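K.L.:
Generate coordinates for the sequence data below:
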Amino acid sequence: MCNTPTNTSVLLIYTGGTIGMIENAETGVLENFNFEQLQKHVPELQQSHCRIESIQFDPPIDSSDVEPEVWRKLVKAISDNYDKYNGFVILHGTDTMAYTASALSFMLEDLSKPVILTGSQLPIGVLRTDGKENLMTSIEIAAAQNKDGSPVVPEVCIFFENHLMRGNRTTKMNAENFNAFRSFNYPVLAKAGIHIKYNSSVIHQADTSKPLNPHYLLNTNIAVLKLFPGMHENVVAATLSIDGLQAVIIETYGSGNAPRRQWFLRLLREATQRGIVIVNVTQCSAGTVEMERYGTGYHLLQSGIVCGYDSTTESAVTKLMFLLGHGYAPEKVRELMGQSIAGEITIG
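P.N.:
Prediction:
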């Protein structure tokens, strides 16, 4: 049983995105409004049982422009205010929300408080907006505590359209409907109806004795190579020979399969021998990479390719940035890519 005590507090961090926009009455163009006006558009905030305070990025950032520097600012904001609040809600544009949630899950080591990312498909000032419900429920989840006073969901999550999902398991899969996000390979952490029903068995259990260990080092020398029938040798060769490249994510077919052409395997093998880390993730929305299942995947394993298991591309990208940013040797990066360090993959 969880509750929201009256002495809890939540920090809202507004980065930008549709949820914080309002239509200009004269031009009809969506513009960022001052976050101070939030209570005007969401009077329900006054009825909340917890203390709510806010900070905002100035200027607000469209999620298409989100870069690792934004993630560093978010980590800094959470770290600086960590002892002042019971939980954090980040308002963020939907296009790169899954990348941000994944990155924060690695950068906020030993997190023991809720960090809930949410947003909306329609601006919060529009009559049919999904923003109000997403915002109010995210605040309630961020403040929710167990009977012993511990937070109910002490991890980085995305809440959208009645579903709470682990952040590094989530992908944006719909640009039109309100149910924009899905966690294909991991159960939802909670469902919001009349009551919020938490799935405690799949929620991360934090060690509250450990202090938050924020990380800021990221290395973006990464490429994503999506396979398709008829892909030319020069395309693969050009990608693998990018100056400064340190890691590549290959989006393969099915359970991790790829062409067995000699030139393809040779290029991959030569790249791994040069120290480039290559991770195999599936193009499929659901399922996992099993390179030993078929000969077309086994050849990749023999070429030094790392199994990405059921990782999303967003999670694999940000995990590689995190590991490379810490200066690990390629062999160590390969080892850690095969381990779950923030609940991002299922092994076995």
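K.L.:
And the helices in the protein, which stretches?
P.N.:
Here the chain has its helices, by DSSP state H, at 38-41, 68-80, 97-107, 131-143, 233-240, 262-273, 295-302, 313-325, 330-337.
K.L.:
Buried residues, stretch 159-166. List them.
P.N.:
159-166 (16 or more other CB atoms under 10 Å). C-beta coordinates here come from the backbone N, C-alpha and C atoms, glycine included.
K.L.:
Which ones among the residues you listed lie within strands?
P.N.:
159-160, 163-166 (DSSP state E).
K.L.:
Let me have the buried residues of stretch 159-166 in TSV, extended by pLDDT and distance to Val202.
P.N.:
Shown next, in TSV, are the buried residues of stretch 159-166 (pLDDT from 0 to 100; distance: CB to CB, whole Å):
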residue	pLDDT	distance to Val202
Phe159	95	15
Phe160	88	17
Glu161	85	19
Asn162	88	17
His163	94	13
Leu164	97	11
Met165	96	10
Arg166	98	8
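K.L.:
Break this structure down into its domains, please.
P.N.:
2-214, 222-337 (automatic domain parsing).
K.L.:
quick revisit: buried deepest among the helices of the chain, which one?
P.N.:
helix 97-107 (a mean of 27; mean count of other CB atoms under 10 Å).
K.L.:
Please state the offset of that one from the chain centre?
P.N.:
The chain centroid and the centroid of helix 97-107 are separated by 4 Å, computed with CA atoms, centre = their mean, to the nearest Å.
K.L.:
Which among the helices of the chain is found nearest to Phe57?
P.N.:
helix 68-80 (7.2 Å; CB to CB).
K.L.:
tell me what that closest one is packed against?
P.N.:
strand 9-14, helix 97-107, strand 213-214 (3 or more CB pairs under 8 Å, 6 or more residues apart in numbering; DSSP states H and E).
K.L.:
Sketch out the low-pLDDT regions of the stretch 151-300 of the chain for me.
P.N.:
Applying pLDDT under 70 to the stretch 151-300 of the chain picks out residues 177-178.
K.L.:
give me every residue that touches Ile242.
P.N.:
Ala223 (CB atoms under 8 Å, 6 or more residues apart in numbering).
K.L.:
hang on, I meant Ile116
P.N.:
Taking CB under 8 Å, 6+ apart as the test, what Ile116 contacts is 87-90, 138, 141-142, 153, 157-159, 164.
K.L.:
Same question for Leu217.
P.N.:
Leu217 neighbours (CB under 8 Å, 6+ apart): 322, 325-327.
K.L.:
Ok, Ile276 next?
P.N.:
By CB under 8 Å, 6+ apart, Ile276 lies in contact with 240, 245-248, 330.
K.L.:
any idea which of the residues you listed is the one closest to Lys132?
P.N.:
When the contacts of Ile276 are compared against Lys132 (criterion: CB to CB), the nearest one is Ala247, at 40.5 Å.
K.L.:
Go ahead and confirm the closest one touches Ile222.
P.N.:
Yes. Counting by CB atoms under 8 Å, Ala247 does reach Ile222; the two are 4.8 Å apart.
K.L.:
can you list residues touching both of the two?
P.N.:
By CB under 8 Å, 6+ apart, the residues touching both Ala247 and Ile222 are 320, 324.
K.L.:
Looking at these two, which is more packed in?
P.N.:
Ranked by neighbour count (other CB atoms under 10 Å), Ala247 and Ile222 place Ala247 first, with 27 against 20.
K.L.:
Okay, the closest residue in space to the more buried one that isn't next to it in sequence and Leu135: tell me how far apart.
P.N.:
In space, and not counting its chain neighbours, Ala247 is closest to Val277: 4.2 Å by CB to CB, 6 or more residues apart in numbering. Val277 is 39 Å from Leu135, where distance means CB to CB, to the nearest Å.
K.L.:
Likewise for Phe184?
P.N.:
25 Å.
K.L.:
cool, Tyr198 as well?
P.N.:
19 Å.
K.L.:
can you pull the contacts of the residue nearest to Trp71 when sequence neighbours are not counted?
P.N.:
Once flanking residues are discounted, Trp71 sits nearest to Ala103: 4.5 Å by CB to CB, 6+ apart. Ala103 sits next to 68, 71, 218, 318, 321-322 when contact means CB under 8 Å, 6+ apart.
K.L.:
Kindly report the same for Ser183.
P.N.:
So, once contact is read as CB under 8 Å, 6+ apart, Ser183 ends up touching 163, 165-166, 169-171.
K.L.:
so what's it closest to, chain neighbours aside?
P.N.:
Ser183 sits nearest to Met165 (CB to CB, 6+ apart), 4.0 Å away.
K.L.:
Show me what that neighbour is bridged to.
P.N.:
Beta-bridge partners recorded for Met165 (DSSP bridges): Ile158.
K.L.:
so it touches Ala192, yeah?
P.N.:
No. In this structure, Met165 is not within contact of Ala192 by CB under 8 Å, at 11.8 Å.
K.L.:
any common contacting residues for these two?
P.N.:
Phe159.
K.L.:
Which of the contacts of Ile276 sits closest to Ala342?
P.N.:
Ala247 (17.7 Å).
K.L.:
and that closest one, how far is that from Cys307?
P.N.:
14 Å.
K.L.:
same thing with Arg261?
P.N.:
In terms of CB to CB, Arg261 sits 21 Å off from Cys307.
K.L.:
More neighbours: these two, which one.
P.N.:
Cys307 (22 against 13).
K.L.:
can you put the contacts of Ser183 in TSV and add distance to Leu267?
P.N.:
Shown next, in TSV, are those (distance: CB to CB, whole Å):
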residue	distance to Leu267
His163	41
Met165	36
Arg166	35
Arg169	31
Thr170	32
Thr171	28
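K.L.:
Thanks a lot, see you next time.
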